[in-house]
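> Mind looking at a prediction? Sequence and model below.
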Amino acid sequence: MKYQAPKGVSEYFPPRSRAFEWVRDTLITQIKRSGYQLLELPIFEDTELFTRGVGASTDVVSKEMYTFADRGGRSITLRPEGTVGALRCVIEHGLDRGSLPAKVWYSGPFFRAERPQAGRYRQFYSVGVEAVGSDDPALDAEVIAIAHAGFRALGLKEFRLEITSLGDSQTRAAHRFDLMEYIDGLQLDGATTARAQLNPLRLFDDKREEIRALMAKAPLILDYLSDSSREHFAAVQGYLRNLGIEFTINPRMVRGLDYYTGTTFEFIHDSLGAQSGIGGGGRYDGLLEQIGGQPLSGIGFGLGVDRALLAVEAEGVLDESAFCPDLFLIPLGAPAKARALMVSHKLREHNFTVEIAFGDRQLKAAMKAADKSGARYVVIIGDSELSSGRVELKEMRTGATTSVTLASLVEALSTALSNQ
RNA sequence: GUGGGCGUAGCUCAGCUGGUAGAGCAUUCGGUUGUGGUCCGAAAUGUCGCGGGUUCGAGCCCCGUCGUUCACCCCA
């Protein structure tokens, strides 16, 4: 095999691509129901946008970006995440100067130069939302509820929601000071110390038991929340309870991007291996200003389409029949083929999904193809059907047939499908 | 970037202590006239990842390399 896809990319092809499409579109449908509007964004941006927005000290920026010089010598980076690009667009086109909050969504590929692993790809797909210009805790609850509704709409049951609050900048500074002091008192190896210096919160996320034990008594940011942050977080929790959305508070939650403040959340699915996060997000108080916008707060999330698909497959909740054609047409002979094309054209105008058997194959082979397509009904058109104007509408599951006229096929199929 | 597993037909894999490749599924055709699913029969498909080495002889042993996968790191 001479060519293959670049290392670690997720690509989708039949039959799995239809499940991928369904997962993505289902998530998007939930988002649109809350009035979020589409942002169709570039997948590359000026490198500086990410270094300033995401934070130069993050792993994502420091070692996982696909960065290159374009022909004009500009430093360009394939987007490793969606929020800063979306906010750049919001700011550039003044959406933050209209009615607030500005609510937008986007979807597409993202790129990180990581070592591939189960559920982790160098090109992966997300759908995300951003709501800019309101610090109402009800907005936090709505954003979380949208993601929750999306996963429920996929039929998922075995996922968890974890939330926490990272507080405001004063909260974070005070906590960081004490946390650093605590960590300084620990015996850590060089690499771990270096990680701690970059972002001390990272140690909360360490998978090694000995580190977990050492961190068990570390100061937690929730204990440092300012009054306003605590009230905000309490309000968010209250709204979520009212909505019947279950969650646990994880005071040790760590996000990989530096811009999060206040409410922060993650959706976790436990049957996906090491990469268990299927979505996450949070509030970002200084980010807009950081990349040249107004001092407005915002909140958003990113949902992993690849991982959501893996979760759907792990739970076995995919309904394959939803993707199958309504009707499979089998023409026998040249005149029948011409007629079949016309019939299929008309049926498709009435929103039916119709396939035709191509290639002059024998009836038996065509029937096998119809069976494999999963079509609910089959119609054979041959010389006798052309002369009589009547066809047998065959239901594949039961084998039952109904005699109908070719002219009334639209109505007959409509009736048959609605009776199921 | 670090570590482990694995690279044999389109897919999943078997292949003994080295003797020039096999199964199941999938594909196509057939089991007499225009009806699928089950069953039966047949056909087609491989530079055994690549390069080197050892050997009379390598899918199997050795070295290298690439790919892939899982985990660490990190995250969707």
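Nice, I can see it.

> Name the surrounding residues that touch the helix or strand bottoming out on mean pLDDT in chain A.
Of all helical and strand segments in chain A, the minimum by mean pLDDT, DSSP states H and E falls on helix A:190-198, at a mean of 75. Helix A:190-198 is contacted from outside by A:Ser57, A:Met180, A:Ile183, A:Leu188, A:Arg202, A:Leu203, A:Asp206, A:Ile211, using C-beta atoms under 8 Å, 6 or more residues apart in numbering. Where you see a C-beta, it was placed from the backbone N, CA and C, and this is true even at glycine.

> RNA strand B contacts on the stretch 1-150 of chain A?
Counting by C-beta under 7 Å from any atom of the strand, the residues of the stretch 1-150 of chain A close to RNA strand B are A:4-8, A:58-60, A:64, A:81, A:112, A:114-121, A:124, A:126.

> Any quick PyMOL command for the buried ones out of these?
Of those, the buried ones can be selected in PyMOL as follows, counting by 16 or more other C-beta atoms under 10 Å:
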select buried, chain A and resi 8+58+59+60+64+81+112+114+119+120+121+124+126
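
> before we move on, the earlier item: near RNA strand B at all, the least confident helix or strand of chain A?
Yes. Looking at helix A:190-198 against RNA strand B by C-beta under 7 Å from any atom of the strand, the contacts come from A:Arg195.

> picking that back up, point out the ones among the residues of the stretch 1-150 of chain A next to RNA strand B that are inside strands.
Residues of these located in strands (DSSP state E): A:Phe124, A:Ser126.

> separation between the nearest residue to A:Ala149 once chain neighbours are set aside and RNA strand B?
Excluding the flanking residues, the one nearest A:Ala149 by C-beta to C-beta, 6 or more residues apart in numbering is A:Gln30, at 4.7 Å. Using C-beta to the nearest atom of the strand, to the nearest Å, we find A:Gln30 at a distance of 16 Å from RNA strand B.

> What residues of the strand or helix carrying A:Gln30 count as buried?
Using DSSP states H and E, A:Gln30 falls within helix A:16-32. Residues of helix A:16-32 classed as buried by neighbour count (16+ other C-beta under 10 Å): A:Ala19, A:Phe20, A:Trp22, A:Val23, A:Arg24, A:Thr26, A:Leu27, A:Ile28, A:Gln30, A:Ile31.

> got it, and stretch A:273-291?
When neighbours are counted by 16+ other C-beta under 10 Å, the buried residues of stretch A:273-291 are found to be A:275-285, A:287-288, A:290-291.

> roughly how far out does it sit from the chain middle?
Centroid separation between stretch A:273-291 and its chain, computed with C-alpha atoms, centre = their mean, to the nearest Å, is 14 Å.

> Residue ranges in chain A under the pLDDT threshold?
Applying pLDDT under 70 to chain A flags the ranges A:1-2, A:190, A:420.

> tell me the contacts of the residue in it positioned nearest to RNA strand B?
Proximity of chain A to RNA strand B (C-beta to the nearest atom of the strand) peaks at A:Gly256, 1.4 Å away. By C-beta under 8 Å, 6+ apart, the residues touching A:Gly256 are A:Thr58, A:Asp59, A:Val60.

> and if you look at A:Ser226?
A:Gly167, A:Asp168, A:Gln170, A:Thr171.

> Inside helices: which ones of those?
A:Gln170, A:Thr171 (DSSP state H).

> how about the residues of the stretch 151-300 of chain A near RNA strand B?
Counting by C-beta under 7 Å from any atom of the strand, the stretch 151-300 of chain A sits next to RNA strand B at A:195, A:202, A:205-208, A:254-257, A:266, A:273-280.

> doesn't A:Phe204 make contact with A:Ala218?
Yes. Contact criterion C-beta atoms under 8 Å: A:Ala218 and A:Phe204 qualify, at 7.2 Å.

> Can you pick out the most distant pair from the contacts of helix A:190-198?
A:Ser57 and A:Ile211 (20.0 Å; C-beta to C-beta).

> So between the two, which is more surrounded?
In this view A:Ser57 and A:Ile211 are compared by other C-beta atoms under 10 Å, and A:Ile211 has more residues nearby, 17 against 12.

> Phi first, then psi, for that one.
phi -70, psi -40 (degrees, to the nearest 10).

> Could I get the contacting residues of it?
Here A:Ile211 is in contact with A:Leu188, A:Thr192, A:Leu203 (C-beta under 8 Å, 6+ apart).

> could those go into a markdown table alongside distance to A:Val305 and neighbour count?
Output for the contacts of A:Ile211, formatted as a markdown table (distance: C-beta to C-beta, whole Å; neighbours: other C-beta atoms under 10 Å):
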| residue | distance to A:Val305 | neighbour count |
| --- | --- | --- |
| A:Leu188 | 37 | 17 |
| A:Thr192 | 33 | 18 |
| A:Leu203 | 31 | 23 |
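
> got those as CSV, with distance to A:Glu40 columns?
CSV is the format used below for the contacts of A:Ile211 (distance: C-beta to C-beta, whole Å):
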residue, distance to A:Glu40
A:Leu188, 46
A:Thr192, 42
A:Leu203, 39
